[in-house]
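Engineer: Dropping a prediction and its sequence here:
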Amino acid sequence: MVRLTGFNNINTAVFISGTGSNLKSLIKFFKRRKYPIYTKLIISDNSKAKGLKYGNIFKIKKKVFNFKKKNLAEKKLLVQLKKNNIQLICLAGFMKILSKNFVKKFKGKILNIHPSLLPKYKGLNTHQRVLQNNEKYSGCTVHLVNSKLDSGKIILQSKIKIYKKDTPKSLAARILKEEHKLYPKAVLKLFNL
Ligand code: GAR
């Protein structure tokens, strides 16, 4: 776990590719000012990501990088992270894979949320695969990011029951609600708060 010295502020950058509902829940949680954690930067690989609107709503700086040129994007990204004194990266529906080199530079300081009970169902189309396999339970996981996909140390998980009538859509929606509660808790746990 990350050790905090004194009352340092923890500046966070949240990376998104789409809707940004996890971004919204993280912003709202940390806005309560109960903890010294701030959402300082919103990063996206997609200029059309709906979640970028939360930058305007909550007055948080946002930056979009073109990951088609990944090396260059990550180089520019590192400059921004340094400039904004970012100590923690939260991947929240960020659909690009960060390079080994980038992950190494932020070792132990990148979290990701994944909509399954890892180590089961890494990767895409999680809910569809879970239902096809007639699983009784699914859920979501917040884990540290390492160089392998959805494989770093698990910080927290939340488990839910699957109903007979569930579709990938209904399951995704129920799990997303759990994600909104789990992600802030996992950040606090990482910093022993
Ligand atoms: C969330 O369900 C998140 O777990 C998933 O994308 C969704 C993003 O929703 N992430 C992945 O599948 C990453 N492998 P949001 O944009 O509303 O937070």
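Structural biologist: Everything's here; your move.
Engineer: Run through this structure and note the low-pLDDT ranges.
Structural biologist: Counting by pLDDT under 70, the chain contains low-confidence ranges at 1-7.
Engineer: residue ranges of the helices in it, please?
Structural biologist: Under the criterion DSSP state H, helices of the chain are mapped to 21-31, 53-57, 70-83, 100-105, 126-132, 168-190.
Engineer: who wins for proximity to residue 146 among those helices?
Structural biologist: helix 100-105 (6.5 Å; CB to CB). No exception for glycine: its C-beta is placed from N, CA and C like everyone else's.
Engineer: Residues in contact with that closest one: which ones?
Structural biologist: Helix 100-105 is contacted from outside by 74, 77-78, 110, 145-147, using CB atoms under 8 Å, 6 or more residues apart in numbering.
Engineer: quick check, nearest of these to the ligand?
Structural biologist: residue 145 (10.8 Å; CB to the nearest ligand atom).
Engineer: Tell me if I'm right that that closest one and residue 152 touch.
Structural biologist: Yes - here residue 145 reaches residue 152: they are 5.1 Å apart, a contact under CB atoms under 8 Å.
Engineer: More neighbours: which of those two?
Structural biologist: residue 145 (24 against 19; other CB atoms under 10 Å).
Engineer: And the more buried one, its phi and psi?
Structural biologist: phi -90, psi 130 (degrees, to the nearest 10).
Engineer: give me the beta-bridge partners of the residue nearest to it when sequence neighbours are not counted?
Structural biologist: Spatial nearest neighbour of residue 145, excluding adjacent residues (CB to CB, 6 or more residues apart in numbering): residue 110 at 4.0 Å. Judged by DSSP bridges, the bridge partners of residue 110 are residue 89.
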